[in-house]
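Visitor: next comes the sequence, and after it the predicted model I'd like to discuss.
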Amino acid sequence: LSPTTTPTSSPSTSPTLFPTNLPSSTPTSMPTLTPTTSPTSIPTSPPSYRPTSNPSAAPTSKRPNLVMIITDEHNYRTLSCYRDYLASNIGASKVDVWGDATRLSTPHIDTLAKEGALFSNFYTVAPLCTPSRASFMTGMYPASTGDSELNHGAMDRSLKTFAAILQEQRGYHTGYFGKWHLDGDKSPGWGDNGREFGFKENKYRFNRGHFKFIDEVNGHMEGYEIDQADLFEGRQSDHYTTDYLMDRGIEFMNRSVAKNEPFAMVISIPDPHGPNQNRWKYRNMFTDRYFKVPHTAKTAMSFNPAAPGWNSFNLDEVPLKEVDQYIDDYEASEYWQNHMQQYYGMVKCVDDNIGKLMNSIKRAGIDEDTIVVLTSDHGDLLFEHGKFNKGKPYDTSA
């Protein structure tokens, strides 16, 4: 079995030996909640579908700093704080879906969870990049955010973001670093593209892209693919995208502290979204791990039981009588093992950078006056239920 090197842009209805790195641009239909049989004694008013005419910041005299870190397409099983939480509630056998030897340690993210709060029932409004990000920025449901209801659509420029409110009403210094994905088809689309949305500093913001290195060339920002890594020989840790964006965010923080300004910033890291590739330090870090295919992949592809209609499989691609052999061959394939090993490497790099950020916050003397939020726009199934990426209402996608 020899894997392809360039995945297609959208997933097939059933996985091939070479799964895609990107999902389709629109999710399948989502199941709805079953209504109660009787209304509550005190009915509530229906929610508003548009923002208030003059949203305001919370009424408090304090102005704590805010750091929001967004990762992209991040499966929560790869965070040891979530893995341990789940294991204590439903058992390790249901949590370690890729095998006992594939537990990943993320000590810096675990510290955030231990010293703060770990959200155990937090779901994206839509398991796709653009609508999820639009809701994070505005507090509105995707249907009310303009074309950003769909992936790659542009968010309505009339909407207020939390950054605009903090900047205008509370005097915060604001900045955005990394993937934005709310300016339509612009790619990469560095800067604000005439759409600041309350983020004053946005030189290092880009609309779309999953390049692996970043550099500034003659005053212009440039992204580079993994096959251009030789350009950064001896300085990969300064220019690998995750490291570069974190460093620029830390510089922004230090400038704000020096000016005694409260600040709010978003550091939006495009990993661990594919392509699953790493700088040298993390590239071979997990090559000693062997990843099993999740049990739910085999049951779904075997129709035992049959998957919901929105998670269908094409029996012409993998007939039922060939599923067992297909799973065995796929698990042993270099593609699958490398896919997971590199995904783990990207997560480990993110965790190390969280540690760097938290140390910088402490050195700046603002650790008692800074709110740090870590989240992701959505998850990645990583072959659970026989599928990859997002777009499905399963837990590790949503």
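Guide: Yep, it's here. Numbering: from 1, shown residues only.
Visitor: could you pull out the strands for the stretch 51-200 of the chain?
Guide: All strands of the stretch 51-200 of the chain, identified by DSSP state E, counting those that start in this stretch, fall at 65-71, 173-179.
Visitor: and the gap between the closest residue to Leu66 other than its chain neighbours and Arg363?
Guide: Nearest residue to Leu66, sequence neighbours excluded (CB to CB, 6 or more residues apart in numbering): Ala264, at 4.1 Å. (Glycine included, C-beta is placed from N, CA and C.) Distance check for Ala264 against Arg363: by CB to CB, to the nearest Å, it reads 20 Å.
Visitor: so where do the helices sit in the stretch 201-350 of the chain?
Guide: Counting by DSSP state H, counting those that start in this stretch, the segments of the stretch 201-350 of the chain that form helices are 236-239, 241-258, 280-283, 295-301, 323-332, 334-363.
Visitor: which one, of the ones you listed, ends up nearest to Asp192?
Guide: Taking CB to CB as the measure, these were each checked against Asp192, and helix 241-258 came out nearest at 15.0 Å.
Visitor: my read is that Gln341 contacts Phe286, right?
Guide: Yes: at 4.4 Å, Gln341 and Phe286 qualify as touching, with contact defined as CB atoms under 8 Å.
Visitor: what's the pLDDT at the residue positioned nearest the centre of the chain?
Guide: The C-alpha lying nearest the average C-alpha coordinate of the chain belongs to Asp72 (CA atoms, centre = their mean; 2.1 Å). The pLDDT attached to Asp72 in the predicted structure is 98.
Visitor: list the contacts for it?
Guide: Applying CB atoms under 8 Å, 6 or more residues apart in numbering, one finds that Asp72 lies in contact with 129, 179, 210, 268-273, 376-377.
Visitor: Asn89: neighbour count?
Guide: By the criterion of other CB atoms under 10 Å, Asn89 has 10 neighbours.
Visitor: before we move on, the earlier item: farthest pair in the contacts of Asp72?
Guide: Pairwise across the contacts of Asp72, and taking CB to CB, the largest span is found between His210 and Ser376, at 14.5 Å.
Visitor: list the buried residues in stretch 371-387.
Guide: By 16 or more other CB atoms under 10 Å, the buried positions in stretch 371-387 come out as 372, 374, 376-387.
Visitor: and the residues you listed, which is closest to Asn353?
Guide: Set against Asn353, the nearest of the buried residues of stretch 371-387 by CB to CB is Leu374 (11.0 Å).
Visitor: run through the bridge partners of the closest one.
Guide: The residues paired with Leu374 through beta bridges, assigned by DSSP bridges, are Ile69.
Visitor: circling back: same list (the helices of the stretch 201-350 of the chain) but as a markdown table, adding distance to Ala164, mean pLDDT and mean neighbour count.
Guide: Formatted as a markdown table, the entries for the helices of the stretch 201-350 of the chain read as follows, by distance: least, CB to CB, whole Å; pLDDT from 0 to 100; neighbours: other CB atoms under 10 Å:
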| stretch | distance to Ala164 | mean pLDDT | mean neighbour count |
| --- | --- | --- | --- |
| helix 236-239 | 31 | 98 | 17 |
| helix 241-258 | 17 | 98 | 20 |
| helix 280-283 | 36 | 97 | 17 |
| helix 295-301 | 42 | 96 | 20 |
| helix 323-332 | 47 | 97 | 16 |
| helix 334-363 | 24 | 98 | 20 |
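Visitor: and Asn193, which of the ones you listed is closest to it?
Guide: Closest to Asn193 of those, according to CB to CB: helix 241-258, at 18.0 Å.
Visitor: just how off-centre is the closest one within its chain?
Guide: The chain centroid and the centroid of helix 241-258 are separated by 20 Å under CA atoms, centre = their mean, to the nearest Å.
Visitor: just stretch 142-152 next, same as before
Guide: Between the centre of stretch 142-152 and the centre of its host chain there is 18 Å, according to CA atoms, centre = their mean.
Visitor: now it: buried residues?
Guide: By neighbour count with 16+ other CB under 10 Å, stretch 142-152 contains the buried residues 142, 144-146, 148-152.
Visitor: end to end on it, go ahead and measure it.
Guide: Between the opening and closing residues of stretch 142-152 we find a distance of 13 Å, counting by CA to CA, to the nearest Å.
Visitor: swap in stretch 116-123?
Guide: Stretch 116-123: ends 19 Å apart by CA to CA.
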